[in-house]
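>>> When you get a sec, could you give me coordinates for this:
(2 chains)
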Amino acid sequence: MNPRHTAKPQNDPTLSEEGLIAGWLGRLGRAVLVGSRHIGRAGILAAATFVSVLKPAEYRREAFVQAKKIGIDSLPLVLLVAALSGSILAQQSGYQFTEIPLWVVGNTVAAGMLTELAPLLSAIIMAGRVGSGIGAELGTMKVTNQIDALRTLGRDPVTELVAPRVVAGAIMMLPIVIFANIVGIWSGWLSAIALLPMTTHEYVYGVQNYYHAASLIFSLVKGFFFGITITFTACYVGLQAEGGAAGVGRTATNAVVSIIVLIMMLDVFLAPLYKAFQ
Amino acid sequence: MIQIQGLRKVLNGKAVLDGVDLDIHEGMSLVIMGPSGTGKSVLLKHIVGLFDPDEGEILVEGMSVPNAGGKQIKEIRSRISYVFQNAALFDSLTAGQNIQLGLSEEHCRRVPAHSDPLVEEAISHVNLGPEVLRLLPAELSGGMQKRVAIARAIVGRQKYILYDEPTTGLDPVNANVINRLIARLQGEIGATSVIVTHDVESAFYLGDRIVLLANGRVQASGTPDELRGSRDPIVQDFLHPKLDTEEFNG
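Below you'll find the predicted structure:
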């Protein structure tokens, strides 16, 4: 008989209290090590990307290609989601505000779209569409030696692959957020006059009552940083890929999850900043 | 000349290379062979600086690869071209654009890939027609992809060409085509070739000199005739593998 099967469970060191604590500490230590390694590698890539971004002549052509992929090709989906969220916001606020004047609906839609929904929902759509795409593309390039091939051909993968995507992402998020704001507020108006007992004048009054330049600037600043976060994180995760087709699949998933978590964290930190500059 | 001195590399806790010494002289066709997992490709990647050694030195024309900075590694890589095992063509670029990557960035910006005379010359060297230049890698067969990868390696007329398992994954007919192509290019271009393979037939066909790697070290080295005459049991086992049928028959 296998001696392992005859051993008494209480003799197993991993089941003792000390063993459990040691195992837990070991896992924690490993997690800290892995996290620190990722932070270090991401920092090195960020520094290299910053240096490469300063040489636009070397990646300009690729940046235009990426701008089309990231911005123009994503626009229909982003605008659809913006229209739906503007409509939902108008309806829900209209149904809740029974004791206060209905022009507040316009105010709520403008506030919701400009400060949160337009940049955040656009970023989440971009994370799913662009982030997974970049992660899978660079991941495939990594596992099929295309990144190594670039290096042996004397090209810098950061300048060729990362810089054009990050620049295109940062720039294209600006018009995306502007259009998402316009479409969201417009669909809110359409829903308000169609489904709520209010007039265009009341809705426009509510929007004007909220609107100030700082809110639009804040919306664009968020979009800019979200654009950098989406593309840079996707590139970083893609360049860490290993393990063939399964590895590329994991990379695409990791890219989307990492981007969404980072965007939400960034959003939390940006909110007080808006308050400070208001 | 490429010199490898005391090269040691540990990957996943295993010493894949454990003190490799090798001199690669100009104009020669050196074949590195050995069983799978003996570090042949790892050795090749050290030469172009894709891996940093744990110990040892690699010198390309006197320049240290492990100690090279950004500019110097670019200088070293400008003298070496590398044909990857899986061709490693860029999916989003046409065959012509892939080949043109073997030329300088400045040249690529100035001359369109599909009307570049240097690219056309390179594609004709590998026995493919100019119509291939506009095709994407996905539209090419495995053998054609390998030939485009070789065209990318020779277009810049680098002094050294490193081939990593150039016939792996090809059927015997296409493998022969690639072997003959490498041998012909060696004569026409006069570059120094380093070919990694575990295919004994290819090794003896292509090599002026053959090195057998085993257990992380150079087990044997010499001309094809010297290796054939070697009495080293590891060399003989590799050259004449015996299938133990008793093991299968129980």
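
>>> rest of the way, CA atoms for contacts and neighbours
Fine.

>>> which one is residue B:137 nearest to, not counting chain neighbours?
residue B:91 (5.9 Å; CA to CA, 6 or more residues apart in numbering or on different chains).

>>> doesn't that neighbour fall inside a strand?
No: applying DSSP: H, G, I helix; E, B strand; the rest coil, one finds residue B:91 to be coil, outside a strand.

>>> Check which helix or strand the most centrally placed residue in chain B maps to.
Of all residues in chain B, the one closest to the mean position by CA atoms, centre = their mean is residue B:163, 1.4 Å from it. Assigned by DSSP states H and E, residue B:163 belongs to strand B:160-164.

>>> hang on, the earlier thing: quick one, what contacts the residue nearest to the centre of chain B?
B:82-85, B:193-196 (CA atoms under 8 Å, 6 or more residues apart in numbering or on different chains).

>>> How about the residues of chain B by chain A?
B:48, B:50, B:74, B:77-78, B:80-82, B:84, B:86, B:88-90, B:101-102 (CA under 8 Å from any CA of the partner chain).

>>> Could you pull up phi and psi at residue B:35?
In terms of degrees, to the nearest 10, the main-chain angles of residue B:35 are phi -60, psi 160.

>>> From residue A:196, how far out is residue A:95?
Distance, residue A:95 to residue A:196, using CA to CA, to the nearest Å: 8 Å.

>>> So if I had to pick from the two, which one is more boxed in?
Under the criterion of other CA atoms under 10 Å in any protein chain shown, the comparison of residue A:95 against residue A:196 puts residue A:196 first, with 16 against 12.

>>> how about the top helix by length along chain B: buried residues?
Looking across chain B with DSSP state H, the single longest helix is helix B:172-189. Residues B:174-179, B:181-183, B:185-186 are the ones in helix B:172-189 that count as buried (16 or more other CA atoms under 10 Å in any protein chain shown).

>>> before we move on, what about stretch A:60-71?
Applying 16+ other CA under 10 Å to stretch A:60-71 flags A:60, A:62-63, A:66-67, A:69-71 as buried.

>>> Go through those and name the one nearest residue B:121.
Nearest to residue B:121 among the buried residues of stretch A:60-71 is residue A:62, at 26.7 Å by CA to CA.

>>> Look up the closest residue to the closest one, ignoring the ones flanking it.
In space, residue A:62 is closest to residue A:164, 6.0 Å off (CA to CA, 6+ apart).

>>> so which strand or helix has that neighbour?
Assigned by DSSP H and E, residue A:164 falls in helix A:163-195.

>>> model confidence over that helix, on average?
The pLDDT scores in helix A:163-195 average 95.

>>> so how far is that helix off the chain centroid?
Offset of helix A:163-195 from its chain centre (CA atoms, centre = their mean, to the nearest Å): 15 Å.

>>> list the buried ones in that helix?
Quick answer for helix A:163-195 (16+ other CA under 10 Å): A:163-193.

>>> Would you mind giving the domain segments of chain A?
What automatic domain parsing lists as the domains of chain A is A:12-54, A:60-277.

>>> so what's the residue of chain B found nearest chain A up against?
Scanning chain B for the residue nearest chain A gives residue B:88, at 4.9 Å (criterion: CA to the nearest CA). If you count contacts by CA under 8 Å, 6+ apart, residue B:88 has them with A:144-146, A:149, B:149.

>>> Wait, a strand at residue B:212?
Yes: per three-state DSSP, residue B:212 lies within a strand segment.

>>> just checking, it touches residue B:33?
Yes: look at residue B:212 against residue B:33 with CA atoms under 8 Å: they come within range, at 5.0 Å.

>>> higher neighbour count, these two?
residue B:33 (26 against 22).

>>> roughly how far apart are that one and residue A:156?
31 Å.

>>> on that earlier part again, could you dump the domains of chain A to CSV with distance to residue B:114?
Below are the domains of chain A laid out as CSV (distance: least, CA to CA, whole Å):
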stretch, distance to residue B:114
domain A:12-54, 28
domain A:60-277, 17
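
>>> Point out the most buried one among the ones you listed.
domain A:60-277 (a mean of 21; mean count of other CA atoms under 10 Å in any protein chain shown).

>>> which SS class is residue B:221?
From three-state DSSP, the assignment for residue B:221 is strand.

>>> What's the per-residue pLDDT of the nearest residue to it once chain neighbours are set aside here?
Using CA to CA, 6+ apart and skipping residues adjacent in sequence, the residue nearest residue B:221 is residue B:211, 4.3 Å away. For residue B:211, the pLDDT comes out at 93.

>>> Mind listing the residues bridging to residue B:211?
residue B:32, residue B:221 (DSSP bridges).

>>> Could you list the paired strands of the strand holding residue B:163 along with their orientation?
strand B:80-83 (parallel), strand B:192-197 (parallel).

>>> Next, format these as CSV and append distance to residue B:129, mean pLDDT and mean neighbour count.
Below are the strands paired with strand B:160-164 laid out as CSV (distance: least, CA to CA, whole Å; pLDDT from 0 to 100; neighbours: other CA atoms under 10 Å in any protein chain shown):
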stretch, distance to residue B:129, mean pLDDT, mean neighbour count
strand B:80-83, 20, 93, 27
strand B:192-197, 25, 92, 25
